[in-house]
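Visitor: sharing a model that was predicted from the sequence below.
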Amino acid sequence: MTLNMRKHYIDNLRWIILLVLIPYHAAMAWNTWGESNYVFFEGNRLISSVVVFFSPYFMPLLFVLAGISTKYALQKRTNKEYLIERVKKLLVPFLFGTIFLMPIMAYIADKFNCSYDGSFFEHYVVFFTKYTDLIGADGGFSLGQFWFLLYLLIISFIGTGIITLLKRFETDKTISFWMIFLLGLPLPILSELLSVGGKSLVEYTYLFMAGYYLFSDEKTVNEVEKNSVLLICIGLIATILNVYLFIWRKEEFVLLNNVTKYVSEWIMIIALIGFVKKYLNNSNKFFDYMNKRSFLFYVYHFVWVVLFQYILYGFVGNKTMVLFIGTVLLAYLATFACCEISARIPVLCFLTGIKHNANK
């Protein structure tokens, strides 16, 4: 079976999921479960529902898509070539983001949450010397969204080693559609292993390998595609129940809530792969543009969310919906503008891990 044809649905699903990041991160400023944030206003159940709706599956899905892409990449590259490419694509932007973008977000957090009155340059030293919970809401060191690049880099090396070791055991045999569901069962256990801030290296490695071995199989994806509408319905039911139980119910149903969370995670991953394969497995100018800008979007989006929340609060005060909607709209505009500028400056292309001709 050949895997050389470009799978447009993978690119399209990736940029669609990444677009969620702006409303997701903006909504964290109103979370109702007491999680620290760079800017925090007050708990709001409606806006918090945005976070809980997407949180079970959107980052796990990115690791699955990375595993699928690795399958195709290793058809055209040696392991060494692939890993060198990963370092350029992931390590360099990780360092750039941590050194230049995260200090801005931590500075705003310290001013907003802790009434810091020093200059940004004075706080730059604080950022690299203050280590607390690594969230950054107190102005201390934080990786922000760049944890994903670090994890993906580590997992790429681990995954390549696993793939090399299991090379002799690879087979073209396709598992049954119903067996796919069983592969989601280990997730609750795996999510507790090597977990930092709720982000499990073991769980994400498992999802990466599921992408490589399971969802790169055309027969498997075709079966998922055939049942995509049913899967979307099941996934949405689990997702909505998860939101209801976690946000809207006064009583705690911890076990049932965990069940809905992990059903949402696994089923929505499967469902979205099949759904987008069925309806968006094509290319056009807009899709191509979004695909080219998606990585830059990831790099720059969060700093604009935090900046506009801080600025808008100074103008409108604690007007919740104005703050939320205004932040989301302005952050989208500023992020894409930033992407356009960055894509045209060679040194920024290098620092953000994209090719200089990405603007063409």
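Guide: Structure's in. What do you need?

Visitor: all strands of the stretch 101-250 of the chain, in order?
Guide: Assigned strands in the stretch 101-250 of the chain, in chain order: 195-196, 199-200 (criterion: DSSP state E, counting those that start in this stretch).

Visitor: ranking the ones you listed by mean pLDDT, which is last?
Guide: Here those differ in mean pLDDT, and the lowest is strand 195-196 at a mean of 85.

Visitor: how distant is that strand from the center of its chain?
Guide: Here strand 195-196 is found 16 Å from its chain centre; the criterion is Cα atoms, centre = their mean, to the nearest Å.

Visitor: elements contacting that strand?
Guide: Other helices and strands packing on strand 195-196, by 3 or more Cβ pairs under 8 Å, 6 or more residues apart in numbering; DSSP states H and E, are helix 201-213. For glycine as for every other residue, the C-beta is placed from the backbone atoms N, C-alpha and C.

Visitor: by contact count, what packs against the helix it packs on?
Guide: Secondary elements touching helix 201-213 (3+ Cβ pairs under 8 Å, 6+ apart): helix 58-76, helix 147-165, helix 187-190, strand 195-196.

Visitor: residue nearest the centroid of the chain?
Guide: In the chain, the C-alpha nearest the mean C-alpha coordinate belongs to residue 59, at 3.8 Å (Cα atoms, centre = their mean).

Visitor: do I have it right that residue 93 meets residue 352?
Guide: Yes: here residue 93 reaches residue 352: they are 5.1 Å apart, a contact under Cβ atoms under 8 Å.

Visitor: between the two, what contacts are shared?
Guide: 295, 299 (Cβ atoms under 8 Å, 6 or more residues apart in numbering).

Visitor: low-confidence regions, this protein specifically.
Guide: Along the chain, the parts satisfying pLDDT under 70 run over 1-6, 357-360.

Visitor: so what are the domain limits for it?
Guide: Taking automatic domain parsing as the domain assignment, the record places the domains of the chain at 58-216, 226-281.

Visitor: what about the longest one, distance to the chain center?
Guide: So that's domain 58-216. Relative to the mean C-alpha coordinate of its chain, domain 58-216 is positioned 9 Å out (Cα atoms, centre = their mean).

Visitor: likewise the last one?
Guide: Counting by Cα atoms, centre = their mean, domain 226-281 is centred 17 Å from the centre of its parent chain.

Visitor: now residue 211. Nearest residue, chain neighbours left out?
Guide: Of all residues beyond its chain neighbours, the one nearest residue 211 is residue 67 (2.4 Å), with distances taken as Cβ to Cβ, 6 or more residues apart in numbering.

Visitor: does the one you found really touch residue 217, like I thought?
Guide: No: Residue 67 is beyond contact range of residue 217, at 11.8 Å (criterion: Cβ under 8 Å).

Visitor: where do the contact lists of the two overlap?
Guide: With Cβ under 8 Å, 6+ apart applied, the contact sets of residue 67 and residue 217 do not overlap.

Visitor: with neighbour numbers in mind, choose between those two.
Guide: residue 67 (26 against 20; other Cβ atoms under 10 Å).

Visitor: make JSON lines out of the helices and strands packed on helix 201-213 and add distance to residue 132.
Guide: Below are these laid out as JSON lines (distance: least, Cβ to Cβ, whole Å):
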{"stretch": "helix 58-76", "distance to residue 132": "23"}
{"stretch": "helix 147-165", "distance to residue 132": "16"}
{"stretch": "helix 187-190", "distance to residue 132": "27"}
{"stretch": "strand 195-196", "distance to residue 132": "14"}
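
Visitor: closest to residue 173 out of those?
Guide: Using Cβ to Cβ as the measure, helix 58-76 is the one of these that comes nearest residue 173, at 15.9 Å.

Visitor: got the angle between whatever helix or strand comes next after that closest one and helix 147-165?
Guide: Using DSSP states H and E, the helix or strand that directly follows helix 58-76 along the chain is helix 79-86. Angle, helix 79-86 to helix 147-165, by axes from the mean of the first three to the mean of the last three Cα atoms, to 10 degrees: 180 degrees.

Visitor: ok, and for helix 79-86, which residues are buried?
Guide: Going by neighbour count (16 or more other Cβ atoms under 10 Å), the buried part of helix 79-86 is 82, 86.

Visitor: could I get the buried residue list for the helix ranked longest in the chain?
Guide: Counting by DSSP state H, the longest helix found in the chain is helix 285-316. Of all the residues in helix 285-316, those buried under the rule 16+ other Cβ under 10 Å are 287, 290-310, 312-313.

Visitor: what helix or strand is the nearest residue to residue 226 once chain neighbours are set aside on?
Guide: Among residues not flanking residue 226 along the chain, residue 274 sits closest, at 7.6 Å (Cβ to Cβ, 6+ apart). Under the criterion of DSSP H and E, residue 274 resides in helix 254-279.
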